[in-house]
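Chemist: the following comprises the amino acid sequence and a computationally predicted model.
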Amino acid sequence: MNKAVNNGVWSGSWVAERLGVELLGDPELTDLLGLALRRNPKRAHLLVSNVLGKHVPQSPSIVYGYGFTLGRRVRDLLGPDESRRAVVLGYAETATGLGHAVADGIAVAPYLHSTRRPVPGVATAGGFEESHSHATSHLLLPENPALLAGEGPLVLVDDEFSTGNTVLNTIRDLHERYPRDRYVVVALVDMRSAADAGRLDEFAAEIGARVDLVAAASGTVRLPAGVLEKGQELVARYEAGGAGTGGSSSAAPSGPAAQFPAPLKTDLSANPPGARGSVDMRLRRGARPAPTGPQPKRVDLRWPNNLPDGGRHGFTPAHRIRLERALPAMAARLAEALPEDAHRVHILGFEELMYAPLRLARELEQIVDADVTYSTTTRSPVLAVDDPGYAIRTRLTFPAHDTPADGPGDRYAYNIAGAGFDAVVAVVDSRGDTPELHGLLAELAAHTPHVVLAVVPSYVPERPPMLPEPLRGPAFSSYAPEEVGWLLQDLSDVTLEAPTEEREEAIQSGGAHYAESLPVEYQPSEQYQELFHTALDEAAGRLALAVGAVTELVLAERSPRPVLVSLARAGTPVGVLMRRWAQYRHGLDLPHYAVSIVRGRGIDANALRYLAAHHDPADVVFVDGWTGKGAITRELADAIREFEESDGVTGFDPEIAVLADPGSCVKTYGTREDFLIPSACLNSTVSGLISRTVLRSDLVGPHDFHGAKFYRELAGADVSVDFLDAVAARFPEVTDAVVTLAKELLAADRTPTWEGWAAVERISEEYGIHDVNLVKPGVGETTRVLLRRVPWKILARAGAGADLDHVRLLAEQRGVPVEEVAELPYTCVGLIHPKYTRGATGADGKAVSV
């Protein structure tokens, strides 16, 4: 539909000659754009894109290629880190598919497009007006409100950037609620006038943010005086039935944009619609046509379950991966429905539903021996004139078929009639699959021998019950309310404890998971409490140094304002200390939550949903006390991957920040030494009086947080706050050392070696255990074995010293032998033997059979 198609005639020449409109700028503009007229009180002329896939049939590879290439340019502009934090926003209706393609080009950014379709039950997160459009109200309906609440770059995509009013209004509206440092405006063409060219920089200075512009081509439209009135008169005359004079045509320079694919050379000449003039295929006959061929053939695409049909409620990189896996099979089903002798096939999308039909068309283009083109229907009325120098040569008119909120009205498909297509595949969403759809199908049947209908399920976000606010002290835990919010439910009134042997017996019998009950809380002897206080006095400075170092790494590498999320409960005291360091050193008041993760069951998905709804997932940093062999590190990575696939929410980084990483399992740590962290010596009395977390189906429903108990009755023995205060009191004396250590760590190669896992595998075989889950390496894990399990023996590194005083005392009290080993990579290792104890559990938390 460009000048090169119609015997060298530019598809804007008809308007240019009659109204004196000129297209000035890059030479490729006339390849990308034609001109048409419309009845609009604000702007009579319309720039008609040849590569957008809206009004002009075009190769789907060309359409997708332009958007994808723009996305690659945005990714290069932002860089990898900023690209991962970006969100792409496209404009309805014309740029919904273009925005999708830009997001695909960036590859790691989620996508949302505005919509004019209200969806019952989905809250509006924003809205704005389009200054020159015939239909103005845009709604923003993200399934995940956090999509717009992040601090990363916002990429706004429209088909053209002319006055800039729509984009600037959008940025101003969103910036007031969700301020960002950077915005990128993307358009196929930058057509600002000289008067509008400086507004972008002025606006950026006004809001205190950087605003970039990326476009495939740039230029401007020169409009003579009186063009609006003259254009309106011309539209009225042609719509009243007056034939056009045709007139002469003028050629324009050629040459598509070098970095973009060349527009496909197709036109209406294969089956010309008739004499020049206003060509509305319905109005010219006076009524909608009756079908002249066979009834449309329906094709079941077998669209993937719960995969969004587009970006109306958000479309993530994980959604794109699912779609691309399914595309070959769906395109094959379309190909089977086409006649064998079809040489020209057109895929017709539906208003805002542009991306799914585009991707189907592009996939179909690869597998059939036919020319495949693509365009979409629209609610925008444009005058049709059958002249090679005019961009809209034919118009099909039919009734709206998706029960629009603004009432019934006409809808349009351009340049389909007379194009000589052997088959047209109409792709609509299920909201548009109504009896009124017959109007479009009948119009198509009058102009092509084969009509195929494919229906994509309209995605409507489920409305899960509102998750409760986090539990906080003093009602739940002995920590101050600002120190941590527990994303847990309170099970304090439920009896969950069982004697160790009885509890392990149930697990070994296969009737229970370890997280379905709680061990009886260990009550430390006076001698053991003295050991704890001695260890705390000796280790407080060392702990403060590690806390400061790991917090500095997080601030430098993960986020300047991280959301700390501790893995309850060993990670919680560490998370509180990291929060205190950030406040002491940087004056930051960081959010801090505690969540449950269960071996074999994964992390609490409802807790992740809460976090995603209230924060940018990219800012979340998971925190634990220490690593052993790295089982929880792997568990978390698997759980995050499953959550992304099930919920389509991306951005969570499974990399754990820990105080000590003796197993070399993570890259964010304060130290890799295996030393005594005194909080490992005790259970709830050093963790805010909170139990281990519980996951049991009769207590925790599908929309509940995992559970835990608050042991209020142990308040007399509680040292939780004493532990925090003792470490935080050392912050001033270690500040300089933290700065030095953090610099060293930032410059070091901290790639995990997983040497701890290898050592555990070796020990498991050497001691005849043959299951790594029964080997608990490190001081912290060994302490847990002695406090909660039925241990077999303790391996201690020769000359370990005071770090193992509490381990030796516990082992003596439990009657467990301590065996010194000369070359042990950890300070100590706790062993559980399936042939010795009923307390052995495997990777799924259930008994190991021997």
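Modeler: Nice, I can see it.
Chemist: quick one: least confident helix or strand in the protein?
Modeler: Sorted by mean pLDDT, DSSP states H and E, the helices and strands of the chain end with helix 500-508, the least confident at a mean of 51.
Chemist: which SSE is immediately downstream of it?
Modeler: For helix 500-508, the succeeding helix or strand toward the C-terminus, using DSSP states H and E, is strand 518-519.
Chemist: strands paired with that next one, and their directions?
Modeler: Strand 518-519 has these partner strands in its sheet, going by DSSP bridges: strand 497-498 (parallel).
Chemist: so for the strand it pairs with, mean pLDDT?
Modeler: pLDDT averaged over strand 497-498 equals 71, rounded to a whole number.
Chemist: can you check stretch 762-779 too?
Modeler: So the average pLDDT for stretch 762-779 ends up being 83.
Chemist: now do stretch 592-606
Modeler: Stretch 592-606 shows an average pLDDT of 90 in the prediction.
Chemist: also stretch 702-719?
Modeler: Mean predicted lDDT for stretch 702-719 stands at 91.
Chemist: what residues of that stretch count as buried?
Modeler: By neighbour count on 16 or more other C-beta atoms under 10 Å, the buried set for stretch 702-719 is 704, 705, 706, 707, 708, 709, 710, 711, 717, 718, 719. C-beta here means a position set from N, CA and C on the backbone, and glycine is covered the same way.
Chemist: now do the end-to-end distance for that stretch.
Modeler: For stretch 702-719, the first-to-last residue distance is 35 Å (C-alpha to C-alpha, to the nearest Å).
Chemist: now residue 646, what's its secondary structure?
Modeler: Secondary structure state of residue 646, per DSSP: H, G, I helix; E, B strand; the rest coil, is helix.
Chemist: now, which of the buried residues of stretch 702-719 lie within strands?
Modeler: Among the buried residues of stretch 702-719, the members falling in strands are 707, 708 (criterion: DSSP state E).
Chemist: phi, psi of residue 70?
Modeler: Dihedral angles phi and psi of residue 70 (degrees, to the nearest 10) take the values phi -60, psi -40.
Chemist: does it really touch residue 217, like I thought?
Modeler: No - checked against C-beta atoms under 8 Å, the pair residue 70 and residue 217 is beyond contact range at 11.1 Å.
Chemist: comparing the two, which residue is more hemmed in?
Modeler: Regarding residue 70 and residue 217, a neighbour count based on other C-beta atoms under 10 Å identifies residue 70 as having more, with 26 against 21.
Chemist: off-centre distance for whichever strand or helix holds residue 830?
Modeler: Secondary structure assigned from DSSP H and E places residue 830 in strand 828-831. Its chain's C-alpha centre and that of strand 828-831 lie 41 Å apart, by C-alpha atoms, centre = their mean, to the nearest Å.
Chemist: now swap in stretch 310-327 and tell me
Modeler: Computed by C-alpha atoms, centre = their mean, the chain-centroid distance of stretch 310-327 equals 10 Å.
Chemist: could I have the CA atoms of it written out in PDB?
Modeler: Output of stretch 310-327 as PDB, limited to C-alpha atoms (Å, rounded to 0.1, in the frame of the first residue of the first chain):
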ATOM      1  CA  GLY A 310      -2.600  -9.900  25.100                       C
ATOM      2  CA  GLY A 311      -1.300  -7.200  27.300                       C
ATOM      3  CA  ARG A 312      -4.600  -5.800  28.500                       C
ATOM      4  CA  HIS A 313      -3.900  -7.100  32.000                       C
ATOM      5  CA  GLY A 314      -0.200  -7.500  31.600                       C
ATOM      6  CA  PHE A 315       2.000  -9.900  29.600                       C
ATOM      7  CA  THR A 316       5.300 -11.100  31.000                       C
ATOM      8  CA  PRO A 317       8.400 -12.600  29.400                       C
ATOM      9  CA  ALA A 318       7.200 -15.900  30.900                       C
ATOM     10  CA  HIS A 319       3.900 -15.600  29.100                       C
ATOM     11  CA  ARG A 320       5.800 -14.900  25.800                       C
ATOM     12  CA  ILE A 321       7.900 -18.100  26.300                       C
ATOM     13  CA  ARG A 322       4.600 -20.100  26.800                       C
ATOM     14  CA  LEU A 323       3.100 -18.600  23.700                       C
ATOM     15  CA  GLU A 324       6.200 -19.300  21.600                       C
ATOM     16  CA  ARG A 325       6.100 -22.900  22.700                       C
ATOM     17  CA  ALA A 326       2.500 -23.200  21.500                       C
ATOM     18  CA  LEU A 327       2.700 -21.200  18.300                       C
END
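Chemist: buried by neighbour count: which residues of stretch 319-329 qualify?
Modeler: With burial defined by 16+ other C-beta under 10 Å, the residues of stretch 319-329 counted as buried are 319, 320, 322, 323, 326, 327.
Chemist: brain fart, stretch 481-493
Modeler: Under the neighbour-count rule (16+ other C-beta under 10 Å), stretch 481-493 has 483, 484, 485, 486, 487, 488, 489, 490, 491 buried.
Chemist: stretch 793-807 too?
Modeler: 793, 794, 795, 796, 797, 800, 803, 804, 805, 806, 807.
Chemist: direction included, what does the lengthiest strand in the chain pair up with?
Modeler: Among all segments of the chain classified by DSSP E, the strand with the greatest residue count is strand 210-222. Paired strands of strand 210-222, with direction, are strand 22-25 (antiparallel), strand 182-190 (parallel) (DSSP bridges).
Chemist: what pLDDT, on average, does the shortest one get?
Modeler: Strand 22-25 carries an average pLDDT of 92.
Chemist: using CSV, list the CA coordinates for it.
Modeler: These are the backbone C-alpha positions of strand 22-25, laid out as CSV (Å, rounded to 0.1, in the frame of the first residue of the first chain):
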residue,chain,number,x,y,z
GLU,A,22,3.4,17.8,2.7
LEU,A,23,5.4,15.1,4.3
LEU,A,24,8.9,16.3,5.1
GLY,A,25,11.8,14.5,6.7
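Chemist: gap between the nearest residue to residue 660 once chain neighbours are set aside and residue 656?
Modeler: Closest residue to residue 660 apart from its sequence neighbours, by C-beta to C-beta, 6 or more residues apart in numbering: residue 626 at 4.3 Å. Distance, residue 626 to residue 656, using C-beta to C-beta, to the nearest Å: 10 Å.
Chemist: quick one on the thing from earlier: identify, from the buried residues of stretch 702-719, the entry nearest to residue 200.
Modeler: Each of the buried residues of stretch 702-719 was checked against residue 200 using C-beta to C-beta; the closest is residue 705, at 45.6 Å.
Chemist: next one: the nearest residue to residue 459 once chain neighbours are set aside from residue 456, what distance?
Modeler: Here the nearest residue to residue 459 in space, its sequence neighbours aside, is residue 308; by C-beta to C-beta, 6+ apart that works out to 4.0 Å. In this structure, residue 308 lies at 10 Å from residue 456, with C-beta to C-beta as the measure.
Chemist: same deal with residue 684?
Modeler: Residue 684 sits at a distance of 52 Å from residue 456 (criterion: C-beta to C-beta).
Chemist: what element comes up after the lengthiest helix in the chain heading to the C-terminus?
Modeler: Selection of the longest helix in the chain by residue count, based on DSSP state H, yields helix 526-557. Under the assignment DSSP H and E, the closest C-terminal helix or strand after helix 526-557 is strand 563-567.
Chemist: report all helices and strands that that next one contacts.
Modeler: Strand 563-567 is packed against helix 571-586, strand 592-595, strand 620-626, with contacts defined by 3 or more C-beta pairs under 8 Å, 6 or more residues apart in numbering; DSSP states H and E.
Chemist: residues contacting the closest residue to residue 763 other than its chain neighbours?
Modeler: Distance criterion C-beta to C-beta, 6+ apart; nearest residue to residue 763, sequence neighbours excluded, is residue 775 at 5.4 Å. Residues in contact with residue 775, defined by C-beta atoms under 8 Å, 6 or more residues apart in numbering, are 629, 760, 763, 764, 769, 829, 830, 831, 832.
Chemist: surely the fifth one forms part of a strand?
Modeler: What that stands for is residue 769. No - the assignment for residue 769, made by three-state DSSP, is coil rather than a strand.
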